[in-house]
Each structure stands twice: as C-alpha cells, then as structure tokens.
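[1] Structure for this input, please:
(one chain, ligands or ions: 1)
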Amino acid sequence: MADIFNEEQRSYVMSRIRSKDTKPELLVRKYLHGMGFRYSLHNERLPGKPDMVLKKYKTCIFVNGCFWHGHKHCKAGTRLPETRPEWWKEKLTKNRKRDLRKITELLSLNWNVITIWECELKPKKREATLEKVMKQLLKNGGIE
Ligand SMILES: [Zn+2]
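    Numbering: from 1, shown residues only. Coordinates of the predicted model:
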C-alpha cells in the first residue's frame, strides 16, 4: 500500500504517534495510584474513552499530547509542521472540536473532567500539576 505521507511527514507522524500507554499518562497513573486512587482505563462506554475514570470521584481524566490535541497555550500545541500546514491545521482543529464535544457530553452526564497536558508534566511542572489534579479529585469527591 502506498504511503500517503512523504518521508519527512512519515517520520514526523511516527515520532508523535498516539498510543494508549504514552509516557505522560503512565506518570499520572503511577502518581495517583501511589496516592491510593483507583481508576479504570480507557472506558469504552463513556464518551471519548477517557484515559482514566475515577468513579468514586465522578471524574474522567484525559492526558493529552499537546500537538495532537492542539494545546492552545504552548509551542508544541500551536506550531504546525512545515509540510502541508493547512492539512495539519484542519486535522488538528477537528481533533480539538472532537475533544470539546467529548467533554461536553461527559459534563452533561454529570462527570467532572480533568484534562492534563503533556507539557504540564515536564519535570519542572510535574509535581505542581499532579498535586493540583489530586486536589481537584478530592474536591470532586466531596473531600475538601
Ligand atoms: Zn502544551
């Protein structure tokens, strides 16, 4: 089968390929698990198959790669590849819209939604981010 990407695009795509167990997600899991939180993964019955679902805290967590999910406030989320930028723009806009739709659906089902961005898990920011998430979870669970 012919590749729809040229060589440069292909290597770009492969380097950023989405996988279920991306490292940032593992970081979050490991931390929350260590703190005693329990969760299920990639629940197929909920809109958007949230990366983590914490039933007790009525919370769904998405751990988003900045590029694929178009993080608005960082470089990785706003810089387009040099090849076919328009094509990427359209694709990534679609992804963002889909994310918004998922979140809206979950909220309407009375779930809380926490989105954690890849860039917020860089070593310097990691601890503060994870603590913030934990605090939010406790709040969602009625433990203030
Ligand atoms: Zn980001």
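[2] in the helix-or-strand element of the chain with minimal mean pLDDT, what counts as buried?
    Ranked by mean pLDDT, DSSP states H and E, the weakest helix or strand in the chain is helix 7-15, scoring a mean of 73. Buried residues in helix 7-15, counting neighbours by 16 or more other C-beta atoms under 10 Å, are found at Gln9, Tyr12. In short, each C-beta sits where N, CA and C put it, glycine included.
[3] Flag every residue of this protein that's near the ion.
    Cys66, His71, Cys74, Gly77, Trp117, Cys119 (C-beta under 5 Å from the ion).
[4] that older thread, and the least confident helix or strand of the chain, C-alpha only, in CSV?
    Only the C-alpha atoms of helix 7-15 are listed here, as CSV (Å, rounded to 0.1, in the frame of the first residue of the first chain):
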residue,chain,number,x,y,z
GLU,A,7,9.3,10.5,4.1
GLU,A,8,9.5,13.6,6.2
GLN,A,9,5.9,13.6,7.1
ARG,A,10,6.1,9.9,7.9
SER,A,11,8.9,10.3,10.4
TYR,A,12,7.1,13.3,11.9
VAL,A,13,4.0,11.3,12.4
MET,A,14,5.7,8.2,13.7
SER,A,15,7.6,10.3,16.2
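[5] same for the next helix-or-strand element following that helix, what does it pack against?
    Counting by DSSP states H and E, the element after helix 7-15 in chain order, helix or strand, is helix 23-34. Counting contacts by 3 or more C-beta pairs under 8 Å, 6 or more residues apart in numbering; DSSP states H and E, helix 23-34 packs against strand 52-54, strand 59-64, helix 123-140.
[6] the inter-axis angle of the longest one versus strand 59-64?
    Looking back up the chat, that one is helix 123-140. Interaxial angle, helix 123-140 versus strand 59-64 (axes from the mean of the first three to the mean of the last three C-alpha atoms, to 10 degrees): 160 degrees.
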